[in-house]
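Trainee: Sequence first, predicted model second:
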Amino acid sequence: MKHDAHKYLEWKRNLDLLEGEEYLANNNLALASSKIGFNDIINKYVYITPGQIDKTLKLVPGLCNVLNGVGIDLGAGVGAVSSVVAKIDDVKSIYSLELTENCVVYCHPIIQKKILNKKHSKVISVLGDFDNIQLTDSSLDFAIAWDAMHHSINLSKTLKEVRRVLKPGGYFVVIDRGYN
């Protein structure tokens, strides 16, 4: 842990992923937005408000019923989805797993405290990547990936890793875009 202000876990990251322009741009954007605050982070990094995230989750009948227990948000960005999911009473905790360091270090605490107030500890910030989930087998009740799976450099490996950590009967919710 490099920064005392916000506690977070550090898991293995594929360091090759930290070399590209996309990572550098995201890291710089997260830092700049965090200096301005919650609204700037939402407007410039996420492009969707917590209310819109909540409404989208409620579009799928019964979805909020399967988001319970302990889960993980893969490619969590600034942690907005993790924080909205953590508002569900039946969610005990959620790992907010993100590759981009400034998202985890600077944006996560702002987003978590604004959305969850005193319940912000339900979200466990993690600096890492979704091909190296450092949790035991069959330890999670659900996983969610919101606009993140298209970033996987090896989708088969990513899906196997998610399957490994999900309990039998666990749910993997994916909201993403497709490419031709």
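Mentor: Arrived safely. Numbering: from 1, shown residues only.

Trainee: got a list of what the residue nearest the centre of the chain touches?
Mentor: Nearest to the geometric centre of the chain sits residue 76, at 2.1 Å (CA atoms, centre = their mean). By CB atoms under 8 Å, 6 or more residues apart in numbering, the contact set of residue 76 is 82, 96-98, 103, 148. C-betas here are computed from N, CA, C, even on glycine.

Trainee: next one: residue 56
Mentor: Contacts of residue 56 by CB under 8 Å, 6+ apart are 48, 175.

Trainee: now the residue nearest to the centre of the chain, what's its secondary structure?
Mentor: State at residue 76, reduced to three classes by DSSP: H, G, I helix; E, B strand; the rest coil: coil.

Trainee: Check it and give its pLDDT.
Mentor: What the model reports for residue 76 is a pLDDT of 97.

Trainee: same question, residue 6
Mentor: 75.

Trainee: now do residue 178
Mentor: In this model, residue 178 is scored at 68, pLDDT.

Trainee: pLDDT of the helix or strand residue 158 falls within, averaged?
Mentor: Using DSSP states H and E, residue 158 sits within helix 155-165. Helix 155-165 shows a mean pLDDT of 97.

Trainee: And whichever helix or strand comes after that helix, what does it pack against?
Mentor: Remark: after helix 155-165, the chain's next helix or strand is strand 166-175, criterion DSSP H and E. If contacts are counted by 3 or more CB pairs under 8 Å, 6 or more residues apart in numbering; DSSP states H and E, strand 166-175 sits against helix 63-66, strand 140-146.

Trainee: between strand 166-175 and strand 140-146, how many degrees?
Mentor: Here the directions of strand 166-175 and strand 140-146 differ by 20 degrees (axes from the mean of the first three to the mean of the last three CA atoms, to 10 degrees).

Trainee: Could you find the closest non-adjacent residue to residue 49?
Mentor: residue 42 (5.9 Å; CB to CB, 6 or more residues apart in numbering).

Trainee: Now render the contacts of residue 76 as TSV, adding secondary structure, distance to residue 89 and pLDDT.
Mentor: Formatted as TSV, those follow (DSSP: H, G, I helix; E, B strand; the rest coil; distance: CB to CB, whole Å; pLDDT from 0 to 100):
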residue	secondary structure	distance to residue 89	pLDDT
82	helix	16	98
96	strand	18	98
97	strand	23	98
98	strand	25	97
103	helix	26	97
148	coil	25	92
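
Trainee: Out of the residues you listed, flag the one nearest to residue 46.
Mentor: residue 103 (10.2 Å; CB to CB).

Trainee: Now for the protein, the helix or strand with the poorest mean pLDDT.
Mentor: helix 63-66 (a mean of 92; mean pLDDT, DSSP states H and E).
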